[in-house]
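1. Fold the stuff below for me.
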Amino acid sequence: MKASELRDLTNGELQAKLDELYEELMNLRFNMAIGQQKNTNRLKDVKRDIARIKTILRERQLAAEIS
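-> Alright, predicted model coming up:
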């Protein structure tokens, strides 16, 4: 997911998306451990999406503190 798409979402929607991604990350790690995961790139993509969302949430938090 692109950062520009994520910036259009509200904080609540971003938090919900973050929760979904953490759950997906847990499932991907589990599948990797038991050898069922074929697409190993998805793990990297999920981690990057989590980082993007956390960055956007932090930017908004800092902007709110300045205002």
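
2. Dead centre of the chain: give me the residue that sits there.
-> The chain has Ile50 as the residue nearest its centroid, 2.3 Å off, counting by CA atoms, centre = their mean.

3. Nearest spatial neighbour of that residue, chain-adjacent residues omitted?
-> Spatial nearest neighbour of Ile50, chain neighbours left out: Leu21 (5.1 Å); criterion: CB to CB, 6 or more residues apart in numbering. For the C-beta atoms, the positions are set from N, CA and C on the backbone; glycine is no exception.

4. can you give me phi and psi for Tyr22?
-> With angles defined as degrees, to the nearest 10, Tyr22 sits at phi -60, psi -40.

5. And the one 5 residues further on, by the same measure?
-> Dihedral pair for Asn27: phi -60, psi -40, per degrees, to the nearest 10.

6. do you know how far it is from Asn41?
-> Asn27 is 15 Å from Asn41, where distance means CB to CB, to the nearest Å.

7. Strands along this structure, start to end?
-> Ranges of strands in the chain, per DSSP state E: none exist.

8. Look at the residue sitting furthest away from the middle of it and report its pLDDT.
-> Within the chain, Ser67 marks the point farthest from the mean C-alpha position, 26.4 Å out by CA atoms, centre = their mean. For Ser67, the pLDDT comes out at 78.

9. do the same with Arg29
-> 95.

10. ditto for Val46
-> We have a pLDDT of 97 for Val46.

11. and it, what is it in contact with?
-> 21, 24-25, 28 (CB atoms under 8 Å, 6 or more residues apart in numbering).

12. Quick one: those residues as CSV, columns for neighbour count and distance to Ala63 too.
-> Listed next are those as CSV, based on neighbours: other CB atoms under 10 Å; distance: CB to CB, whole Å:
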residue, neighbour count, distance to Ala63
Leu21, 20, 23
Glu24, 16, 28
Leu25, 16, 27
Leu28, 19, 32
